[in-house]
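Novice: this one's sequence-less:
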């Protein structure tokens, strides 16, 4: 351990309160930067998934170019691709209904002439879409049950527990209505949601699907294009990936939110750097006599400069390490605290904080670097202190006292005054 580091340790240990308060400024800055940037990706992914699910949007829809069915195992291949956060395989087919199928009244025009039979894996589907069941429950297992929209229920006169009968490739099949979703607002056929194995049986397509929906784990356009390229490379030329253009505005808004969070973190670190800078300036001003004595004993400017910077380096390393630990704790605690509320009102689920090597390295560089930068000017100022500073007597306290009449009486300790 060199002389600069030894003296820096002695000074910091001799002034514990000031050292702790200064280090806390570093801890706070790194805590905000690291904690927010570990928290933000998890929060953004959950918010992205929920917002897109509520709007019925996904990042990519994967189908065969021939619009034919394919093996359900392709879902696992897509899920294993780097950058794909969630996938859901489904079998979607239009079921044309015979005339007067529901109302059995030829005098009145049919309210429903066709429905879309959609077979889904309930657990996979809920990671892609938000299903807000107004009555009853969502699909569970492979039982012959269905979830329909409120608008279809009104047109067919069906309710919870009623039986919905549909013509299929293997004859008519009866499904028990276990859940009712909000009414369909978009144009197109009303959807009847069933478990994927049930749909495969009804359509006589065992082990087959015709669509894979996928969401990505990034908002960056270049990375999203790379993920799409990896999907096509893994699946082959017979598949196509269609991304929904309606996501563009949503992604832009999310990037604005991400930039705001990062700006708040930078502002917090700048505030910490200002506190460190102000503290070091005060330290140098108070230690001019001590620094002058070191200069008189033979210390050169580089030694004095190194002592001040060593103090900043020590505090920067300790503060950054504590900031990383507390920042991760902040991210974990924030996610745990927000998840019940967000899950209740937004039906979103958070993952764990996302810590990347780049985030760790960046936080260390910023924490230690900002500390050294904040102490640079005070260290340069300390290096310019001359040995004569040690020879100047300290100025004593001077007090003013108002007399009973007018005027002032000045008292001072003459022995402390520089003459």
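Specialist: Thanks, I have the structure now. Remember, predicted model here, so these are calculated numbers, not experimental data.
Novice: from here on, contacts and neighbour counts on C-alpha atoms
Specialist: OK.
Novice: Now do the strands in the stretch 251-400 of the chain.
Specialist: 398-402 (DSSP state E, counting those that start in this stretch).
Novice: For it, just list every one of the helices.
Specialist: 288-296, 301-346, 357-383 (DSSP state H, counting those that start in this stretch).
Novice: what packs against the last one?
Specialist: Put plainly, it is helix 357-383. Contact here means 3 or more Cα pairs under 8 Å, 6 or more residues apart in numbering; DSSP states H and E; on that basis helix 357-383 packs against helix 16-54, helix 247-286, helix 301-346.
Novice: Mind doing that once more with 6 Å?
Specialist: helix 247-286, helix 301-346 (3 or more Cα pairs under 6 Å, 6 or more residues apart in numbering; DSSP states H and E).
Novice: Can you flag the weakest of those helices by average pLDDT?
Specialist: Here these differ in mean pLDDT, and the lowest is helix 247-286 at a mean of 67.
Novice: Let's verify residue 95: helix, strand, or coil?
Specialist: strand (DSSP: H, G, I helix; E, B strand; the rest coil).
Novice: I figured it was touching residue 113, is that so?
Specialist: No: using Cα atoms under 6 Å as the test, residue 95 is too far from residue 113 to be in contact (8.8 Å).
Novice: What strand or helix carries residue 118?
Specialist: Element membership for residue 118 (DSSP states H and E) is strand 114-120.
Novice: Each with direction, which strands does that strand pair with?
Specialist: Sheet neighbours of strand 114-120, with direction, are listed as strand 84-96 (antiparallel), strand 190-195 (parallel) (DSSP bridges).
Novice: pLDDT on it, on average?
Specialist: Per-residue scores along strand 114-120 average to 91.
Novice: to the chain's geometric centre, what's the distance from it?
Specialist: Mean-position distance between strand 114-120 and its chain equals 35 Å (Cα atoms, centre = their mean, to the nearest Å).
Novice: Could you identify the helix or strand that succeeds it?
Specialist: Downstream of strand 114-120 (by DSSP H and E), the next one is helix 122-126.
Novice: Identify all contacting residues around that following helix.
Specialist: The list of residues contacting helix 122-126 from outside it, by Cα atoms under 6 Å, 6 or more residues apart in numbering, reads residue 88.
Novice: And for stretch 182-195?
Specialist: With contact meaning Cα under 6 Å, 6+ apart, stretch 182-195 is reached by 115-121, 142, 146-151.
Novice: top of these by neighbour count?
Specialist: residue 146 (28 neighbours; other Cα atoms under 10 Å).
Novice: Surely that one forms part of a strand?
Specialist: Yes: under three-state DSSP, residue 146 sits within a strand.
Novice: so it bridges to which residues?
Specialist: Beta-bridge partners, per DSSP bridges, of residue 146: residue 177.
Novice: Which one, of the helices of the stretch 251-400 of the chain, ends up nearest to residue 179?
Specialist: Distance to residue 179, taken as Cα to Cα, is lowest for helix 301-346 among the helices of the stretch 251-400 of the chain, at 18.8 Å.
Novice: relative orientation of the closest one and helix 288-296 in degrees?
Specialist: 130 degrees (axes from the mean of the first three to the mean of the last three Cα atoms, to 10 degrees).
Novice: Which strands and helices lie in contact with helix 301-346?
Specialist: Packing partners of helix 301-346 (3+ Cα pairs under 6 Å, 6+ apart): helix 3-14, helix 16-54, helix 357-383.
Novice: Deepest in the core, which of these is it.
Specialist: Stretch with highest mean neighbour count among those: helix 16-54 (a mean of 22; mean count of other Cα atoms under 10 Å).
Novice: now the helix or strand just after it against strand 84-96, angle please.
Specialist: Once the chain leaves helix 16-54, the next helix or strand it forms, by DSSP H and E, is strand 60-64. Our comparison of strand 60-64 with strand 84-96, counting by the same axes, to 10 degrees, yields an angle of 60 degrees.
Novice: Show the average pLDDT along the helix or strand following strand 60-64.
Specialist: Next along the chain after strand 60-64, taking DSSP H and E as the criterion, comes strand 70-71. Averaged across strand 70-71, pLDDT comes to 92.
Novice: Could you identify the helix or strand that succeeds strand 70-71?
Specialist: Following strand 70-71 in sequence order, the next helix or strand is helix 74-79 (DSSP H and E).
Novice: Okay, buried residues for that next one please.
Specialist: Burial within helix 74-79, assessed by neighbour count using 16 or more other Cα atoms under 10 Å, is assigned to 75, 78, 79.
Novice: Just the residues contacting that helix, thanks.
Specialist: Contacts of helix 74-79 (Cα under 6 Å, 6+ apart): none.
Novice: and it, how far from the chain's centre?
Specialist: For helix 74-79 - counting by Cα atoms, centre = their mean - the centre lies 25 Å from the chain centre.
Novice: same deal with stretch 224-244?
Specialist: In terms of Cα atoms, centre = their mean, the centre of stretch 224-244 is set 26 Å apart from its chain centre.
Novice: okay, the strands paired with strand 114-120, which one's buried deepest?
Specialist: The most buried stretch of the strands paired with strand 114-120, if neighbours are counted by mean count of other Cα under 10 Å, is strand 190-195, with a mean of 24.
Novice: next one: that one to chain centre, how far?
Specialist: Relative to its chain's centre, strand 190-195 lies at 33 Å (Cα atoms, centre = their mean).
Novice: Rounded mean pLDDT for that strand, please.
Specialist: Per-residue scores along strand 190-195 average to 92.
Novice: And stretch 221-237, what's buried?
Specialist: Buried residues in stretch 221-237, counted by 16+ other Cα under 10 Å: 224, 227, 228, 230, 231, 232.
Novice: Please narrow those to those residing in helices.
Specialist: If you go by DSSP state H, those have 224, 227, 228, 230, 231, 232 in helices.
Novice: closest to residue 328 among those residues?
Specialist: Using Cα to Cα, those come closest to residue 328 at residue 224, 27.2 Å.
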